[in-house]
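Enquirer: Got a predicted structure plus its sequence, pasted below:
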Amino acid sequence: MIVFVDYEHAEGHASSWGEKMLAARARITYRLEDLSGDNCMLVRYDHVTPELLDRLDARAVFISGNGTDPSRYDPASLEPLAEIVRSGRRPIFGFCGGFQFLADALGAEVSPLDVAADSPDAERLRPFPDGRLGEIGYGPVELLADHPLLAGLDAEPIMRHAHYLEVKQPPAGFDLLASTSITKVQMAVNEQRRIVGTQFHPEYWTDEHPDGEQLIRNFLTWADLTR
């Protein structure tokens, strides 16, 4: 069993984009099952606990992105998931907001993107529905290291982006693996604890842009999770 944690707040589920997001969560759950050859359970962030993972004999945890501002979350509801991250007992892969969550749980700073209005990079920013500017759409990331997680990928694979917050520096013990001109920390890994985070969304690969699938396959192999 692997577990896919839905890190979206109830406000997000009730929003105009909530139904579309829920459908995407189901599709990603099936994708993780197909790639791993194992059952995958979708669990809400405020329902997951270390005890639940033990009962399920969960072999790994994936954490989704989120569209609700982190300030809207009750810290107490997040503490069990933070405990799971800090324990290092299972491989973990955080996607976008899931990466921001695990980075925060491990003491790293998460704050809005900081791109000067006169910077050439500002042209690459797009508005979210609430007006906040973010790195949005399919685009390249620059790979910075030679690592098994990056096997089979070109030097600048194409990944989906949808964020207005970023992890300013990798958490302690993490190595930086990928970057863009807008977002320095696009991917980081803790080799010993088998924790990976991406600011981009590999789980939203398409036939036109399949690199995210390759990255997740690499993670499953690297963490010895394939059946």
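Expert: The structure has been received and is ready for your questions. Residues are numbered from 1 along each chain as shown.
Enquirer: Where does pLDDT dip in this structure?
Expert: 116-122 (pLDDT under 70).
Enquirer: out of all of them, which helix in it is the longest?
Expert: helix 18-36 (DSSP state H).
Enquirer: So which residues make contact with the helix or strand just after it?
Expert: Next along the chain after helix 18-36, taking DSSP states H and E as the criterion, comes strand 40-44. Outside strand 40-44, the residues that touch it by C-beta atoms under 8 Å, 6 or more residues apart in numbering are 1-6, 25-26, 29-30, 32-33, 52, 56, 58. Using the backbone N, CA and C atoms, a C-beta is placed for each residue, glycine as well.
Enquirer: What strands flank strand 40-44, and is each parallel or antiparallel?
Expert: Here strand 40-44 is paired, per DSSP bridges, with strand 2-6 (parallel).
Enquirer: packing partners for the longest helix of the chain?
Expert: Where contact means 3 or more C-beta pairs under 8 Å, 6 or more residues apart in numbering; DSSP states H and E, helix 18-36 is packed against strand 2-6, helix 10-13, strand 40-44, helix 211-222.
Enquirer: Could you give the bridge partners of the residue sitting nearest the centre point of the chain?
Expert: By C-alpha atoms, centre = their mean, the mean C-alpha position of the chain lies nearest to Phe95, the distance being 0.8 Å. Beta-bridge pairing of Phe95 under DSSP bridges involves Thr198.
Enquirer: Surely it is in contact with Gly212?
Expert: No - using C-beta atoms under 8 Å, Phe95 is not in contact with Gly212; the gap is 9.4 Å.
Enquirer: Mutual contacts of these two, please.
Expert: Contacts common to Phe95 and Gly212, judged by C-beta under 8 Å, 6+ apart, are His201, Pro202, Glu203.
Enquirer: just checking, the second one touches Pro210?
Expert: Just to be clear, that refers to Pro202. No - with contact defined as C-beta under 8 Å, Pro202 does not reach Pro210; the gap is 10.1 Å.
Enquirer: In terms of neighbours, single out the busier of these two.
Expert: Pro202 (25 against 12; other C-beta atoms under 10 Å).
Enquirer: what sits against that one?
Expert: Phe95, Met159, Arg160, Asp211, Gly212, Glu213, Leu215, Ile216 are the contacts of Pro202 under C-beta under 8 Å, 6+ apart.
Enquirer: If we use 7 Å, what do you get?
Expert: Taking C-beta atoms under 7 Å, 6 or more residues apart in numbering, we find Pro202 in contact with Phe95, Met159, Gly212, Leu215, Ile216.
Enquirer: Good, we can wrap up now.
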